[in-house]
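Q: Could you look at this predicted model? Sequence included:
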Amino acid sequence: MSRIGKLGAFTGALALLWVAVQALDIDVRWRDGRAEALDLFGRGADAESGEEPEAFWQEGSGNEPIVPRGVPGSFADLAESTGRGVVNIRTERNVAVPQIEDFFPHFPFQIPQPSVPERRRPVPSLGTGFVISSDGYIVTNNHVIDEVEKITVVFENGDELDAKVVGRDPKTDIALLKVEPEGEVFALPLGDSDATRPGEWVVAIGNPFGLEHTVTAGIVSAKHRDIDHGAYDDYIQTDAAINPGNSGGPLLNLAGEVIGINTAINPRANTIGFAVPINMAKEILPQLRASGRVTRGWLGVVIQGVSPEIAEQLELDETQGALISKVVKNGPAADAGIEQGDVIREFDGKSIDDFDDLPRVVASTPVGKKVEVTVIRNGKRVELRPRIGELEEEATAVPASLDPRDRGSDAFGLRVQDLTDDLAEQLGLPETRGVVVSEVDPAGPAAEAGIRRGDVIIEVARREIRDAKMLEDVLEGFSGRVLMLIRRGEGQLYLTVERTG
């Protein structure tokens, strides 16, 4: 290359470098004859001061990687050793089928027929269960065998035996069956669901969609799940695949012990399943075997949770415990001196942190037992000793709708009317204490708090409300949030309502 050509190339390189510096905001500094820095990110003041920006997060844990204990290379041995204790459950229920004339409702001519009795045909259904004793007792879900005429249990080796229902408990969805084998049958051992931790490996074996003895594996995703099935919800959540037909099957740990009874699924996700903890089943299975039903303890209170707003109104230091919104007259709680507005924090030596802990603890308490109960009353701990009664099923009354009336406080988004004898009878209420909510502004604070038409306000700010005028006078004295005690059907609950503006 000629000297002129080399000079031109050098000049072009300098031009390109100048363009790059302008485009990238490269700060090139020379010190002692050397380039000191290339700033591609515009650090500005930090670069000028020579200080590097400080990290505001923790870099690394400093711990050794946690290798899960008992990571299986295969689940085959576990499945093989436990599969003999898992059974398929075939059920039949008879349903009515249409008569011949029903198929041709618009046929112009019909030949008179003699009266024919209603025809019924068996409809099959599938589920799963597992053996818990060598003499043939089997556990499954109540919904698997509910209202069926025939139950057949199919073992892994193909043997089929008729089963009878020994006992069942719809509240926990547990049923106990019995077959009569010629000899002993293999039974699965029961584990300790309380000791199970989220993250542990589990295996489910069942009969999904009729695919016999299907094995799936996963982990315990969570514990103590409430899925709105009832007062005794306390499910184990797992990502081991559970599908229709798995109901009643075992959820096993790596020791081959049953820690749960697969019961429910989230239909929108095939990796969210729920199992009844086996420790809950252990509490009721002896009763199912002995009497076919479960006898539960009863305290005689209506409870709710303690929200931050309610805690502030009641001057409580915490939101834990079960707030008593109603005490049943002549019940165990009333006889022991437990009062409306008390917050139960301990029951029979067990801490009550969430309000839904209480129904499960009371239900498992033997009828007739005298227990220690600790409540918070006016900021002080009070010790009481109720004697537990027996829970009886009761229907819940539904209040009727009322016509709007121009009474009550508009500032709280509601209107009320006096509770007369006729109105109390219409609502099925035992007394005329309080005032009836006749109208609720759907965009107002009362609706936001959960108050409904037909609710009865019996207290405001711990003051008993006798009529609509008294309610108006009491509410006029509040400019912020106020605590109300509401009767709804047979139950009562506390709600806080904030004045508009």
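A: Looks like it arrived, so ask away.

Q: List the contacts of stretch 287-300.
A: Stretch 287-300 has contacts (CB atoms under 8 Å, 6 or more residues apart in numbering) with 137, 165-169, 171-172, 174-176, 284, 327-328, 331-334, 338, 358, 362-367, 369, 386, 388-392. The C-beta positions use only the backbone N, C-alpha and C, and glycine is treated the same way.

Q: Can I get the buried part of these as one ChimeraX selection?
A: Of these, the buried ones go into a single ChimeraX selection, burial set by 16 or more other CB atoms under 10 Å:
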select :137,165,166,167,168,169,171,172,174,175,176,284,327,331,332,333,334,338,358,362,363,364,365,386,388,389,391
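
Q: How far away from the center of its chain is stretch 182-199?
A: From the chain centre to the centre of stretch 182-199 is a distance of 24 Å (CA atoms, centre = their mean, to the nearest Å).

Q: how long is it from one end to the other?
A: 41 Å (CA to CA, to the nearest Å).

Q: in stretch 226-241, what's buried?
A: By neighbour count on 16+ other CB under 10 Å, the buried set for stretch 226-241 is 232-241.

Q: Can you add pLDDT and distance to Gly218 and give these back as CSV?
A: Shown next, in CSV, are those (pLDDT from 0 to 100; distance: CB to CB, whole Å):
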residue, pLDDT, distance to Gly218
Tyr232, 82, 24
Asp233, 85, 21
Asp234, 89, 20
Tyr235, 94, 15
Ile236, 95, 11
Gln237, 95, 10
Thr238, 96, 5
Asp239, 94, 4
Ala240, 93, 3
Ala241, 92, 7
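
Q: List just the nearest of those residues to Gly210.
A: Using CB to CB, Ala241 is the member of the buried residues of stretch 226-241 that lies nearest Gly210, at 15.3 Å.

Q: Leaving out the residues flanking it, which one is nearest to the closest one?
A: Spatial nearest neighbour of Ala241, excluding adjacent residues (CB to CB, 6 or more residues apart in numbering): Thr216 at 4.1 Å.

Q: one step back: check the buried residues of stretch 226-241 against Gly454 and report the nearest one.
A: Asp233 (27.2 Å).

Q: what about that closest one, which helix or strand?
A: Using DSSP states H and E, Asp233 is not contained in any helix or strand.

Q: for the closest residue to it other than its chain neighbours, what are its contacts?
A: Excluding the flanking residues, the one nearest Asp233 by CB to CB, 6+ apart is Asp226, at 4.3 Å. Asp226 is in contact with 233-235, 356, counting by CB under 8 Å, 6+ apart.

Q: Spit out the contact partners of Thr263.
A: By CB under 8 Å, 6+ apart, Thr263 lies in contact with 141, 173, 235, 247-248, 274-276.

Q: for Ala322, which residues make a bridge with it?
A: Applying DSSP bridges to Ala322 gives these bridge partners: Ile344.

Q: Can you check the pLDDT for it?
A: With respect to pLDDT, Ala322 has a value of 90.

Q: My read is that it contacts Glu346, right?
A: No. Contact criterion CB atoms under 8 Å: Ala322 and Glu346 do not qualify, at 10.5 Å.

Q: So which of those two has more stuff around it?
A: Ala322 (27 against 17; other CB atoms under 10 Å).

Q: Distance of the more buried one relative to Gln492?
A: To Gln492, Ala322 is 13 Å away according to CB to CB, to the nearest Å.

Q: what does Glu476 give?
A: Applying CB to CB, the value for Glu476 to Gln492 is 24 Å.

Q: More neighbours: those two, which one.
A: Using other CB under 10 Å, the more surrounded residue of Glu476 and Gln492 is Gln492, with 21 against 11.

Q: Residues in a beta bridge with that one, which ones?
A: Beta bridges link Gln492 to Arg487 when assigned by DSSP bridges.

Q: check contacts around it.
A: 302, 325-326, 340, 458, 485-486.

Q: now do Val440
A: If you count contacts by CB under 8 Å, 6+ apart, Val440 has them with 413-415, 446-447, 451-453.

Q: What about those, which one has the most neighbours?
A: Leu414 (28 neighbours).

Q: ok, for that one, nearest residue in space, not its chain neighbours?
A: Leu414's closest residue in space is Ala446 (CB to CB, 6+ apart), at 4.0 Å.

Q: Check which helix or strand the one you found maps to.
A: Applying DSSP H and E, one finds Ala446 within helix 445-449.

Q: Skip ahead from that helix and say which helix or strand is next.
A: strand 456-460.

Q: Centre of the chain to that next one, how far?
A: Offset of strand 456-460 from its chain centre (CA atoms, centre = their mean): 30 Å.

Q: Please enumerate the strands of the stretch 251-400 of the chain.
A: 258-265, 273-277, 297-298, 301-304, 322-327, 343-347, 350-351, 373-377, 380-384, 389-390 (DSSP state E, counting those that start in this stretch).
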